[in-house]
Each structure stands twice: as C-alpha cells, then as structure tokens.
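Chemist: here is my input; please provide its structure:
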Amino acid sequence: AGDDRRGRDGADRGVPPRAERSGGDRRRPGPRSRGVSAVESSPALAAGVIHAGTDDGTLVGIGLDDARERYRVKVGSLVRSSPLATDGLVIVGTIDAKGQGAVVALTDAGQAQWTRKLAAVFSSPALAGQTIVVGADDGSVHGFDRATGAPAWSQKVGSKVRATPALAGAMVYAAGFDGMIVALRAADGARAWERAIGHGVYSSPCVGSALVIFGCHEGHIHGLDAETGAVRFEAETRGPVLASPGSIGARTVATSTDGHVYLLDETGAVLARFPLPGGATQSSPAIEGEDVYVGGAAGLHAVVLA
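Modeler: Predicted coordinates for the structure are as follows:
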C-alpha cells in the first residue's frame, strides 16, 4: 500500500517488480537495520560502504556486502548533514551546543583528518574541484581545501544557509533562509550576482538548461537565469515548496506540500500536476528517464511523465 505509478492521466500503472539479483544472492528483499541512533540525513555510498550521520553526532560506515561496521566515530552533538565521500575521505557537517558546529573530514576507515569550526552546519558539503563548499548558520558559504581543510574563501549570503550549494561549471549557487540567492565563483568565492526574492528558501537549488531553479516557503517555484540572476519565471503551487527540484532536459520536476508533483517547461508553465496518495510531501524527486520517484506520507510513489 502507498506505492503509486501514474501516467499523465493519473491511472495507476503499478510499481515495477523488484529486479532479480544475479550471482546467487539469496538475501531476503526488504529493509535491514543496524543498531545506530536516528538517521535523518541522506547516507552516501562509496566503494561499497554506506556512510551515515546520526542524531547522536556519530558518523558510521557500514559495508554494503556484509552489513558490518567499518568505523563508528563521534564527530559532534548532532549530524543532519549528508556525508560527502570523495577520494578516500568522508566529509560531513556537524551541529553542537550554542549554535556552533564544524566541518569534519575522516578517512574512509574512520581516522580523523581535519576539523574546521563554524556555526552549526546543516548543509551538506559539495565538491568543486579540490574545494569543499558548504553553507552554515552564520549566513555564509565557506570553501575549504579538500585535503587539508585549510580555508580557501568565505562569502556572506544573508541569513542561515542550510541548503546544500549547487555546483555547475565554475559556479556555486546558494540560498539563504531570508530568500537571498547568490552565484559565487568556485575558485575564489567572488560574488557574480545576487537576487532577493523576498521568500524563505529552505531547499537546494537545481541547475538545468541555463536556469537556477528552487522552491520557496510561499509555495512558488522560481527560475533565474544562471548567468545573470534575471528572473525567468515564478510558478505557483498550493503549499510551501521545501524539497529540491529536479531537471529533465529543459523540464523541471518539483514537489509541493500541497501533495502534488509538478512538471514545468522552461518558461515555468505547468505541463502536468500529479496528485500523491497521502497528500503533503517534503521529498525531493529521484529521476530515471521519464520515471519520477518521490516519498510521501503514504509511502514511496512512482510517477510516469510520458
């Protein structure tokens, strides 16, 4: 119950059957659990290891093949940042008491490499070349050297930056709680443009077809010109848009807390609006071809766009 696969007419198409496992793998289908604290950020998979942060401030690595722990390290009081696994390092943001936090790097065996103290870091780190880019509750986007953690640059955006910055080419796009959107040069953090939309932005931007696309708490999906920041469109939904949109060529897929998946063209026109069983969703879409997968109150849903 709760699985849904719909075409443009909204008819139930059925969720596709589970793919057969090859090589005699006899693991039973369905969820398996490990004894860790609550995990409320997305895990990262690299080199056969799942890396996940927990609500007790632990970063844990679990082997995909045998479900055995590879490491378990206390990195802060709370982890809501999704780890970034890159070239033998695992990098994550932490939250500590009194609004403080850090960016922490471990080896993929759990050995400490470097720590840089900041305000609380809810943002997940992103990698631009050899620079780790991350937002923080001090209202800034920070760049650190991947290998050493040495500060590369810092740029004030506005109020808290909890969404993960989006990277495209030589640019970094970030959004603050106060509705300020900025484009920064990844090399030195220099500001290329800024745009105040006047509405709180909680989700990460999506960059596609020369547009920077994001939702806001007032229920709009915004499209800005990626090069200049000029407004290209503002599409309205019926509830706050808290999840990050996705891009399919020139089209945009976005979810709203009004309980619908929206398909927009490059001008922001709504091509289709698909209802989800169970209503409101804060899940970002996962896209495979013309199929969109999204979580909701009633479970996991699949929507067929074509």
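
Chemist: make it CA atoms for all contacts and neighbour counts henceforth
Modeler: OK.

Chemist: so where is the protein shaky, pLDDT-wise?
Modeler: 1-36 (pLDDT under 70).

Chemist: what sits up against stretch 273-291?
Modeler: 2, 4, 6, 8, 10, 241-246, 248, 253-263, 292-298, 301-306 (C-alpha atoms under 8 Å, 6 or more residues apart in numbering).

Chemist: just the terminal-to-terminal distance for it.
Modeler: 14 Å (C-alpha to C-alpha, to the nearest Å).

Chemist: buried sites along it?
Modeler: 273-277, 280-285, 287, 291 (16 or more other C-alpha atoms under 10 Å).

Chemist: what residue, apart from its backbone neighbours, is nearest V294 spatially?
Modeler: Nearest residue to V294, sequence neighbours excluded (C-alpha to C-alpha, 6 or more residues apart in numbering): P285, at 4.9 Å.

Chemist: do you know how far the one you found is from V261?
Modeler: P285 is 9 Å from V261, by C-alpha to C-alpha.

Chemist: between those two, which contacts overlap?
Modeler: With C-alpha under 8 Å, 6+ apart, P285 and V261 have common neighbours 253-255.

Chemist: buried only: go through the residues you listed for me.
Modeler: Buried, going by 16+ other C-alpha under 10 Å: 253-255, out of the shared contacts of P285 and V261.

Chemist: dump those residues to JSON lines, plus secondary structure and distance to L45.
Modeler: Converted to JSON lines, the buried ones among the shared contacts of P285 and V261 look like this (DSSP: H, G, I helix; E, B strand; the rest coil; distance: C-alpha to C-alpha, whole Å):
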{"residue": "V253", "secondary structure": "strand", "distance to L45": "24"}
{"residue": "A254", "secondary structure": "strand", "distance to L45": "25"}
{"residue": "T255", "secondary structure": "strand", "distance to L45": "25"}
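
Chemist: follow-up on the earlier one: which of the shared contacts of P285 and V261 sits closest to A174?
Modeler: Taking C-alpha to C-alpha as the measure, A174 lies nearest A254 of the shared contacts of P285 and V261, at 17.9 Å.

Chemist: with adjacent residues omitted, what lies nearest to the closest one?
Modeler: P245 is the one closest to A254 (C-alpha to C-alpha, 6+ apart), at 4.4 Å.

Chemist: from memory that neighbour sits against Y202, does it?
Modeler: No - using C-alpha atoms under 8 Å, P245 makes no contact with Y202, being 11.8 Å away.

Chemist: identify the contacts common to the two.
Modeler: With C-alpha under 8 Å, 6+ apart as the test, P245 and Y202 both reach G215.

Chemist: any idea how far D265 lies from A192?
Modeler: 26 Å.

Chemist: with D138 instead?
Modeler: 21 Å.

Chemist: so which of the two has more stuff around it?
Modeler: D138 (19 against 15; other C-alpha atoms under 10 Å).

Chemist: that's a strand at that one, yeah?
Modeler: No - membership of D138 in a strand is not supported by DSSP: H, G, I helix; E, B strand; the rest coil, which gives coil.

Chemist: list the contacts for it?
Modeler: 118-120, 159-161.

Chemist: same thing but at 10 Å, please
Modeler: Going by C-alpha atoms under 10 Å, 6 or more residues apart in numbering, D138 touches 99-100, 118-121, 156-162.

Chemist: equivalent analysis for S247, please.
Modeler: When contacts are counted by C-alpha under 10 Å, 6+ apart, S247 touches 206-209, 211, 213, 253-254, 263-264, 285-287.

Chemist: what two of those residues have the greatest distance between them?
Modeler: Largest separation among those by C-alpha to C-alpha: L211 and A286, giving 19.1 Å.

Chemist: so what does the host helix or strand of V103 touch, helix or strand wise?
Modeler: In this assignment (DSSP states H and E), V103 forms part of strand 100-107. If you count contacts as 3 or more C-alpha pairs under 10 Å, 6 or more residues apart in numbering; DSSP states H and E, strand 100-107 packs onto strand 84-86, strand 89-95, strand 112-119.

Chemist: turn those strands into a markdown table, columns for mean neighbour count and distance to H222.
Modeler: Output for those, formatted as a markdown table (neighbours: other C-alpha atoms under 10 Å; distance: least, C-alpha to C-alpha, whole Å):
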| stretch | mean neighbour count | distance to H222 |
| --- | --- | --- |
| strand 84-86 | 21 | 27 |
| strand 89-95 | 27 | 27 |
| strand 112-119 | 17 | 28 |
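
Chemist: okay if I get those as a markdown table plus distance to E218?
Modeler: Shown next, in a markdown table, are the helices and strands packed on strand 100-107 (distance: least, C-alpha to C-alpha, whole Å):
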| stretch | distance to E218 |
| --- | --- |
| strand 84-86 | 30 |
| strand 89-95 | 27 |
| strand 112-119 | 27 |
